[in-house]
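Engineer: Any chance you could fold what I've pasted below:
(2 chains)
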Amino acid sequence: MSDAAIDDLIDNLADELEPVRPRRVARGSLWVAAGWAAGAAILFGLGGMRHDLAEGVMMPPLPLLAFWLIVALGFAAAWSALRMGLPGVGRDYSGWRWAGLAALALPLSALVMAMDDSHAALEAAHPENGLHCLMQGVLAGLGVGAALFGWLKHGAPTSPERAGWVVGIAAGAAGATIVALHCASNDMIHIALWHGLAVLLSGIAGRVLLAPLLRW
Amino acid sequence: MSIDEPSLARLMTASQRGDRAAYRALLGDSGKWLARYFARRIAPHQVDDLVQETLVSMHRKLATWDNSRPFLPWLAAIARYRWIDLLRRQRDEVELGEGDAAVGAEDEVVHARLSLDRMLTLLPPGQAQAITLVKIEGASIAEASRICGQSEALVKVNIHRGLKKLAQLIESE
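Structural biologist: Residues are numbered from 1 along each chain as shown, chains lettered A, B, ... in the order given. Model (predicted):
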């Protein structure tokens, strides 16, 4: 290759130039919000909201705390994924890791509770009592996952593997928040296990399925 | 035109609006900046190819620059991505058993080595030696095997693992 080859390339690229609309995180955020709303509308349309919430009664404190922990994780992961679409050396995309660390309080609390009452834990862990929540969580998060994937596909994520993880975790957390507003269980072991698994499985799916598609 | 951040940011803003003259100037300056960037990171015979690949990526991802942020970190992020991609491709070539071209140009070799040497110190000695012999000094797998006393299969494995580790190190920098 030579300077002449680079000059030819520059001439060709300049001749192809068309105006572009710079991508804005705010616009991507709207798509993510729309994805969450679509997932929620479908699940609530099919199965309705929790009875207490539908009647204007607040959730009990521990499920409420779990709900907000998952919301925080979802927000942090979605925000990180949106920022990953606009690259820059020195930019920090690690906020989701801290939120993820904080969200570990959920399974750890459930583990302590399970050690205290193993019979109740075994009952809660029975697939018959929670598999549907896991499936609903994964499916309800697909809207957010699709919005973030579309954003990153048109963006320039410089670490597709990390981006795949983060998109999956954001989608799973979004789905888990929707399920939390639908599922009537106040059992922390059920929430940590079945709602939490939706986050974990979505994260793994994002890493395995999306990362190769996010290369550019 | 000097390659300074404010000038490049102005050219990029005009380029996003479709100004072809500004874009031509921007690509020219970016090409020079990239050549210097890669000269300290890869073997000299690969610099021109990687500059061109990065310019094409820059063209495809023009909309991902946010004009409220500086331009050069954006360009550096794209350059680093293409660099990591090159390391991955080299790793895959080793898996396929392909050879590599020898390297000339003494002065440039020294510059490339300055940065690479620092990175190679972070690898296990066997991996660093295999990469140095085959990927930098241009030895064949068989020659590297004789020089460093590793079997040919081990040389390939060490290059594969070393390049993978290097890509991870660069990503985490």
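Engineer: ranges for the helices of the chain?
Structural biologist: The chain I'm using is chain A. A:3-16, A:25-47, A:51-54, A:61-84, A:95-103, A:105-116, A:118-125, A:131-140, A:142-153, A:160-180, A:188-190, A:196-205 (DSSP state H).
Engineer: actually it's chain B I care about, not the one you picked
Structural biologist: B:5-16, B:20-39, B:47-60, B:71-96, B:106-120, B:125-131, B:141-148, B:152-172.
Engineer: Which one, of the helices of chain A, ends up nearest to chain B?
Structural biologist: Comparison of the helices of chain A against chain B by C-beta to the nearest C-beta identifies helix A:3-16 as nearest, at 4.2 Å. No exception for glycine: its C-beta is placed from N, CA and C like everyone else's.
Engineer: Please state the mean pLDDT value computed over that closest one.
Structural biologist: Averaging pLDDT along helix A:3-16 yields 89.
Engineer: Return the set of buried residues in it.
Structural biologist: Across helix A:3-16, burial judged by 16 or more other C-beta atoms under 10 Å in any protein chain shown covers A:6, A:9-10, A:13-14.
Engineer: And for stretch A:53-71?
Structural biologist: Applying 16+ other C-beta under 10 Å to stretch A:53-71 flags A:59, A:63, A:66-67, A:69-71 as buried.
Engineer: Format the helices of chain A as CSV; extra columns: distance to chain B.
Structural biologist: Below are those laid out as CSV (distance: least, C-beta to the nearest C-beta, whole Å):
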stretch, distance to chain B
helix A:3-16, 4
helix A:25-47, 8
helix A:51-54, 39
helix A:61-84, 10
helix A:95-103, 13
helix A:105-116, 27
helix A:118-125, 36
helix A:131-140, 28
helix A:142-153, 10
helix A:160-180, 8
helix A:188-190, 36
helix A:196-205, 19
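Engineer: Taking the centroid of chain A, which residue is nearest it?
Structural biologist: Taking C-alpha atoms, centre = their mean, the centroid of chain A lies closest to A:Ala170, which sits 1.3 Å from it.
Engineer: For the nearest residue to that one once chain neighbours are set aside, list the residues it contacts.
Structural biologist: Leaving out its chain neighbours, the residue that sits closest to A:Ala170 by C-beta to C-beta, 6 or more residues apart in numbering or on different chains is A:Ala77, at 3.6 Å. By C-beta atoms under 8 Å, 6 or more residues apart in numbering or on different chains, the residues touching A:Ala77 are A:96, A:99-100, A:166-167, A:169-170, A:173.
Engineer: Which pair in those residues has the greatest spatial separation?
Structural biologist: The span of those, defined through C-beta to C-beta, is set by A:Ala99 and A:Val167 at 14.8 Å.
Engineer: Could you report the neighbour count for A:Trp216?
Structural biologist: Burial of A:Trp216 is recorded as 18 neighbouring residues (other C-beta atoms under 10 Å in any protein chain shown).
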